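> The following block contains a protein sequence and its predicted model.
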Amino acid sequence: MAASTSTSDSKQIKVLVRCRPALDHERDHSTESIQVEADSGVIRLSTKHGNTKEFCFDTVFDGGTTQDAVYEKGEFTKTVEAVLRGFNSTVFAYGQTGTGKTFTMEGKAGVQGDGGSGVIPRIIREVYASARAKHGDDVKFSCSFVQIYMEQSYDLLQADMGRLRSARNARPASGRNPKLSSRLKLRWCKEREFYLEGMSVFDCETPEDMLLRFSRGVGNRKIASHRLNMQSSRSHSIFMVNVDAPSADGMAGDRTRSSLMLVDLAGSERVGHTGSGTKKELMRESVFINQSLFALRKVITSLASRRRQAHVPFRDSALTSLLKNSLGGNAFTTMVACLTPSDAFFEENLSTLEYASRASSIVNNMTVKEDPKTKLIRELKQRVRNLEAEVARYRSGAQPAAAMAGPGPVIQAPSPAPAAPVSAMAAPRTAPGATDYEELAVETQNVNEALMVENADLREQLRFIQAIVTMEEEDGDVMAAGSAKKDTHTVETAILMELFELRRENEQMREQMQRMEFGGATSRSKAGLGGARPRSRAGKGARPAKKKGMLTVDELRNMFTTGGSSNNVLRSSSVDLGQSLRVTTTGNILDEGEGGGVDEGLDPVEQLGELLAERNALLEGRGPR
Ligand SMILES: Nc1ncnc2c1ncn2[C@@H]1O[C@H](COP(=O)(O)OP(=O)(O)OP(=O)(O)O)[C@@H](O)[C@H]1O
């Protein structure tokens, strides 16, 4: 369902650091290199050569910290509160392989008695308990569980995954493999941003129902053993808890829907340390794990750099796409950075702490997502109340100040409406020395103008409601799984989005070129823009050779008409570009461009052609036009 924002709150990403105890097999051949001062939040890392690096965080846990203490001192209750207030929230565990991410998030049966359970089971129980205490039975819960394995997303709760697991458990495999039929496509649409199409969602009435789903999904997760961890997660897992509850601050009947993402990342690993270099599959997995974590680190670095308008490469991996709202977005986010005490992993620990430190400077703008219809009704009710109060004041003899103003929805009059001030009704314009008749005429005119403005407002509202209905027709039910009708775009919308993206890229390139023009011609080749590149063999004036990855207009047109695919390009069957046809986006992602507007009245394909030509020219180093 389309949603819009109401309440908001800015919060930095909360970072907890946990160093696990040394494991039995580590004690013989490594020394502890980490000093954790829980009271002051200081962590000191020292190398074998005596160098020390110091970090300070709000909350740090040493190897002796129990799961109970992590949950309590980590203040996960605040995450639960945020979810129940309608804020999307995220908890993610980050760190090198074998540092205790899964132990922290899932827990381990039999460790520390019942206290062995990790953050996920505890948070599930607390969300249910708090929600029930607050709203009784008027709360609905559901969950989904996915893993990102080798850059593909898989549903961990699909029925066939369960069967697959029992079949595979019969043989001593190095790990379980996800089945292709549970593969999910990553999609993007304006209202929902990144999401996984067809992901299964299960209603769970009780915490036990949800815990059962969770443990089934855990059983389907891809794991394998290597030198650093007997049960190493080979995928990133995301468990999603959806809560639909009465609005905490709103009026009767208002509801909020929030999601809690509980993420256990696969750990970064060095092939030399894990010994995966000898096994092809482990090696391939390693490459994908490290690649997506690299993308995550790039996103963290970019968000933490605080350069305004800096490009944040969320689209570089499925993981960062799905975490977009959790990092610098609208969610309440907690990162649990996990460390190993062994001095053999000084560099890995240092890297984890550096990224944890950067993450702690990222500010999220938490917002409650509200159903637009509910929001509109709430705002209109508020407006009625304001007007009633205004009328009451007017009746009691007071001058009605700006009768139409107030905290109601800010609605712009459409352009054909007269530009009369809205407060005209309250402050009639009278000409000096005018007769009573003239005064009446002026007042009538003012009232008339105010009514026209209101009329325009109402028309605007009607258009808004119609737009919502259309969106809902297109979206279907967000929570329902497998709807093939979801998130369709018209061809025009897609082309326009492509145009925005291209225009933005071209703008950037043009700026870069201009900067380089100032900086001297030689810098052009250094920047890789091709100033010193050899011309094509056909000589001067000949069309430059087409670069790999560049698209011509014809190719683009073909893709629209024959169903080819490329990044940001749609797949459709026999599309006439003149018509407004509905097509579904490919698994590749369309991002929100911020570029300039699109020339109205021109064929978007023509524009696209121009922009592509411009881009090719820029790439060829032929300078801004
Ligand atoms: N706080 C802890 N107390 C006791 N044992 C722990 C603790 N943290 C982790 N361990 C143990 O360390 C080993 C590795 O932990 P875990 O599997 O959670 O690491 P991980 O970071 O999830 O690794 P990977 O990224 O490879 O999945 C496990 O045997 C686990 O039981």
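Happy to help now that I have it.

> Skip the chain neighbours and tell me the closest residue to the residue in the stretch 201-350 of the chain that the ligand sits nearest to.
Closest residue of the stretch 201-350 of the chain to the ligand, C-beta to the nearest ligand atom: Gly267 (2.6 Å). For the C-beta atoms, the positions are set from N, CA and C on the backbone; glycine is no exception. Nearest-residue entry for Gly267: Thr97, 3.3 Å, with adjacent residues in sequence omitted and distances by C-beta to C-beta, 6 or more residues apart in numbering.

> count of neighbours near the one you found?
Residues within reach of Thr97, counting by other C-beta atoms under 10 Å, total 26.

> now swap in Asp9 and tell me
Neighbour count for Asp9, taken as other C-beta under 10 Å: 14.

> Dig out what it forms beta bridges with.
On the basis of DSSP bridges, Asp9 takes part in beta bridges with Met366.

> ok, the residue nearest to Gly267 touching Glu269?
Yes. Thr97 lies in contact with Glu269 (C-beta atoms under 8 Å); the separation is 4.3 Å.

> Tell me the pLDDT of the residue nearest to Gly267.
If you check Thr97, the pLDDT there is 90.

> rewinding a little: burial check on the residue of the stretch 201-350 of the chain closest to the ligand, number of neighbours?
When neighbours are counted by other C-beta under 10 Å, Gly267 comes out with 28.

> what's the answer for Val391, then?
Counted with other C-beta under 10 Å, Val391 comes out at 12.

> how near is it to the ligand?
Distance, Val391 to the ligand, by C-beta to the nearest ligand atom, to the nearest Å: 64 Å.

> now swap in Leu45 and tell me
18 Å.

> So which bits of the stretch 301-450 of the chain are right by the ligand?
Neighbours of the ligand within the stretch 301-450 of the chain, by C-beta under 6 Å from any ligand atom: Cys338.

> how about the residues of the stretch 51-200 of the chain near the ligand?
Counting by C-beta under 6 Å from any ligand atom, the stretch 51-200 of the chain comes close to the ligand at 95, 97-103, 108.

> Let's see that with 8 Å instead.
For the stretch 51-200 of the chain, the residues in contact with the ligand (C-beta under 8 Å from any ligand atom) are 63, 65, 67, 93, 95-106, 108, 111-112.

> What about those, which are in strands?
Judged by DSSP state E, those include 93, 95 as members of strands.

> that older thread, surely the residue of the stretch 201-350 of the chain closest to the ligand meets Gly98?
Yes. The criterion here is C-beta under 8 Å, and Gly267 meets it with Gly98 at 6.5 Å.

> Need the three-state assignment for the residue nearest to His311 when sequence neighbours are not counted.
The shortest distance from His311 to any non-neighbouring residue, by C-beta to C-beta, 6+ apart, is to Ser302 (7.1 Å). Secondary structure assignment for Ser302 (DSSP: H, G, I helix; E, B strand; the rest coil): helix.

> which residues touch Ser302?
Ser302 makes contact with 310-313, according to C-beta atoms under 8 Å, 6 or more residues apart in numbering.

> Over to Ala131?
84, 139, 141, 243, 245.

> Please repeat the previous calculation with a cut-off of 6 Å.
Applying C-beta atoms under 6 Å, 6 or more residues apart in numbering, we find Ala131 in contact with 84, 139, 245.

> where's it, which helix or strand?
Secondary structure from DSSP states H and E places Ala131 in helix 119-135.

> repeat for Leu260
strand 255-264.

> How about Lys11?
strand 4-12.

> Convert the C-alpha atoms of the helix or strand following that strand to PDB, please.
From strand 4-12 onward toward the C-terminus, using DSSP H and E, the following helix or strand is strand 14-19. The C-alpha trace of strand 14-19 is given here as PDB (Å, rounded to 0.1, in the frame of the first residue of the first chain):
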ATOM      1  CA  LYS A  14      23.100   3.100  17.300                       C
ATOM      2  CA  VAL A  15      26.300   1.000  17.400                       C
ATOM      3  CA  LEU A  16      27.000  -1.700  19.900                       C
ATOM      4  CA  VAL A  17      30.300  -3.500  19.900                       C
ATOM      5  CA  ARG A  18      30.600  -7.100  21.200                       C
ATOM      6  CA  CYS A  19      33.900  -9.000  21.500                       C
END
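
> strands paired with strand 14-19, and their directions?
Looking at strand 14-19 with DSSP bridges, its partner strands are strand 59-61 (parallel), strand 332-339 (parallel).

> if you average pLDDT over it, what comes out?
96.

> Can you name every helix or strand that the next helix or strand after that strand contacts?
Using DSSP H and E, the next helix or strand after strand 14-19 towards the C-terminus is helix 24-27. The contact analysis (3 or more C-beta pairs under 6 Å, 6 or more residues apart in numbering; DSSP states H and E) places helix 24-27 against no helix or strand.

> mind checking pLDDT for the nearest residue to Glu285 once chain neighbours are set aside?
Counting by C-beta to C-beta, 6+ apart, the nearest residue to Glu285 once its immediate chain neighbours are dropped is Arg234, at 4.7 Å. Note on Arg234: pLDDT of 84.

> Tyr394 too?
77.

> Same check on Arg385?
We note a pLDDT of 81 for Arg385 in this prediction.

> show me the contacts for the residue of the stretch 201-350 of the chain closest to the ligand.
By C-beta under 6 Å, 6+ apart, Gly267 lies in contact with 95-97.

> ok, now with 7 Å
95-99, 101 (C-beta atoms under 7 Å, 6 or more residues apart in numbering).

> swap in Met366?
Contacts of Met366 by C-beta under 7 Å, 6+ apart are 8-9, 11, 87, 330-332.

> Among these, find the one with the greatest number of neighbours, please.
That'd be Ala331 among those, by other C-beta under 10 Å, with 27 neighbours.

> That one contacts Asn88, correct?
Yes. Proximity of Ala331 to Asn88 meets the contact threshold set by C-beta atoms under 7 Å, at 4.3 Å.

> hey, what's in contact with both of the two?
Asn325.

> Now do the residue nearest to Glu285: how many residues are near it, please.
27.

> can I assume it is in contact with Lys222?
Yes. Between Arg234 and Lys222 a contact is recorded at 4.4 Å, counting by C-beta under 7 Å.

> wait, is Glu285 part of a strand?
No. Using three-state DSSP, the assignment for Glu285 is helix, not a strand.

> Tell me how many other residues crowd it.
Per other C-beta under 10 Å, the neighbour tally for Glu285 reads 24.

> about what we covered before: now the strand holding Leu260 against strand 332-339, angle please.
10 degrees (axes from the mean of the first three to the mean of the last three C-alpha atoms, to 10 degrees).

> Packing partners of strand 255-264?
strand 89-95, helix 101-105, helix 119-135, strand 236-246, strand 363-370 (3 or more C-beta pairs under 7 Å, 6 or more residues apart in numbering; DSSP states H and E).

> Gln12 contacts Ala359, doesn't it?
No. Using C-beta under 7 Å, Gln12 makes no contact with Ala359, being 8.9 Å away.

> Just want to know which of the two has more residues nearby.
Ranked by neighbour count (other C-beta under 10 Å), Gln12 and Ala359 place Ala359 first, with 26 against 13.
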